[in-house]
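K.L.:
let me see the structure of the following:
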Amino acid sequence: MPNPKGNPDNLQPHKYTTDRPEALTEKITVRVSPSMNAKLKALDDYAEFVRQAIAKALDEL
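P.N.:
Numbering: from 1, shown residues only. This next block holds a predicted model:
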């Protein structure tokens, strides 16, 4: 008979590691046009591209 509370290993909090100087724990939401979204999604790693673009823009402020 299976455990009704599930696998106890799944109840433990996950510990994520990163090689970045600062962990990526925050989220933002930005609305873009459908054409811009299509161009972003066509990139291999669009999330990293967006992070780098935001970091570059912030450095130039």
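K.L.:
quick one: list the elements packing against the longest helix belonging to the chain.
P.N.:
Ranked by number of residues, the top helix in the chain under DSSP state H is helix 46-59. Judged by 3 or more CB pairs under 8 Å, 6 or more residues apart in numbering; DSSP states H and E, helix 46-59 is in contact with helix 34-42. C-beta here means a position set from N, CA and C on the backbone, and glycine is covered the same way.
K.L.:
in the helix it packs on, what counts as buried?
P.N.:
By 16 or more other CB atoms under 10 Å, helix 34-42 has no buried positions at all.
K.L.:
show me how far it is from its chain's centre.
P.N.:
17 Å (CA atoms, centre = their mean, to the nearest Å).
K.L.:
got the angle for that helix vs helix 46-59?
P.N.:
110 degrees (axes from the mean of the first three to the mean of the last three CA atoms, to 10 degrees).
K.L.:
any regions of the chain where pLDDT drops low?
P.N.:
Low-confidence segments of the chain (pLDDT under 70): 1-2, 10-11.
K.L.:
repeat that with 90
P.N.:
Where the chain drops to pLDDT under 90, the residues are 1-25.
K.L.:
if I look at residue 33, how far off is residue 61?
P.N.:
Separation of residue 33 from residue 61 (CB to CB, to the nearest Å): 24 Å.
K.L.:
the more surrounded of the two?
P.N.:
Counted by other CB atoms under 10 Å, residue 33 and residue 61 do not tie: residue 33 has more neighbours, with 8 against 4.
K.L.:
for the nearest residue to residue 40 once chain neighbours are set aside, give its distance to residue 12.
P.N.:
Distances taken as CB to CB, 6 or more residues apart in numbering place residue 46 nearest to residue 40, at 4.4 Å, with adjacent residues excluded. Taking CB to CB as the measure, residue 46 falls 32 Å from residue 12.
K.L.:
and these two? Which one has more around it.
P.N.:
Counted by other CB under 10 Å, residue 46 and residue 12 do not tie: residue 46 has more neighbours, with 13 against 8.
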